[in-house]
Each structure stands twice: as C-alpha cells, then as structure tokens.
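S.K.: Provide a 3D model corresponding to the input given below.
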Amino acid sequence: MDKANRPLLNPKRSFRRRLPPIQSGDRIDYRNLSLISRFISEQGKILSRRVNRLTLKQQRLITIAIKQARILSSLPFLNNEKQFEKADLTARTPGYRTKKNRLTLYSIE
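M.R.: Numbering: from 1, shown residues only. Okay, the predicted model is just below:
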C-alpha cells in the first residue's frame, strides 16, 4: 500500500485536549501562592516541565517565583511534615548501649 492510500489507523478514537495549567490571565508572581503551590511536589521540590505541561518561558518564571517565595519565607524550602509526625510517634527513652565491651548509660535530650 502507498502511504497516500493507507487508511487512518483509528479514526474513531477521540482526542481530549487538555487545558493549559496557566491561563492567560494568571500572573506568575511570588505572591500568587495558590498558583505556585500547584507546581511543587509533596516533598517541596519543583516539578519538571514535562510533568507540569508548561512552556519553557512559563517554567522559568515559575521557578524564579518559587525561589523568591522561599527566600521571603512565603514557602518552605522543604516539606517535612510527615517526617516530624513519624518522629513524634517513636518517642525515645534513655537506655544502655555497649561500646567496646563496656556498658555506658546515655540519655537523649
């Protein structure tokens, strides 16, 4: 078969166009925390451009805005809430440990 006479592979398959994550009216700014927080992972990392579906220019502006918000303490550098919850659940108590066949008492303050 020629390429010109070849039928389409799946003509009935529907294509759903995704909406862009940033509309034309949205302003990319360090003060717009609701917009910025959509592009940060649970650990506080900046998500990649491929995951965000942003253009190169939008990703640069988002990255700059996130860094400015972190410096101004609007956003945390790290999101360690889960780590602190686990630390509270396992409370440490003073105990004994061996070091070179000697028992030493230690306490955690």
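S.K.: Could you tell me the model confidence score at Ala87?
M.R.: The model reports Ala87 with a pLDDT of 54.
S.K.: Over to Leu75?
M.R.: Leu75 is given a pLDDT of 88.
S.K.: Nearest spatial neighbour of it, chain-adjacent residues omitted?
M.R.: Closest residue in space to Leu75, ignoring its immediate chain neighbours: Ala69 at 4.3 Å, by Cβ to Cβ, 6 or more residues apart in numbering. (Glycine included, C-beta is placed from N, CA and C.)
S.K.: Equivalent analysis for Leu56, please.
M.R.: Leu56's closest residue in space is Arg49 (Cβ to Cβ, 6+ apart), at 7.0 Å.
S.K.: ok, that neighbour touching Arg60?
M.R.: No. At 9.3 Å, Arg49 does not count as touching Arg60 under the criterion of Cβ atoms under 8 Å.
S.K.: Now do the same contact list for Gln43.
M.R.: For Gln43, the contact set (Cβ atoms under 8 Å, 6 or more residues apart in numbering) comprises Leu78, Asn79.
S.K.: One more: the one 10 residues further on?
M.R.: Shown here is Arg53, whose contacts under the criterion Cβ under 8 Å, 6+ apart are Arg18, Pro20, Pro21.
S.K.: Just the buried ones from those residues?
M.R.: Buried by 16 or more other Cβ atoms under 10 Å: nothing, out of these.
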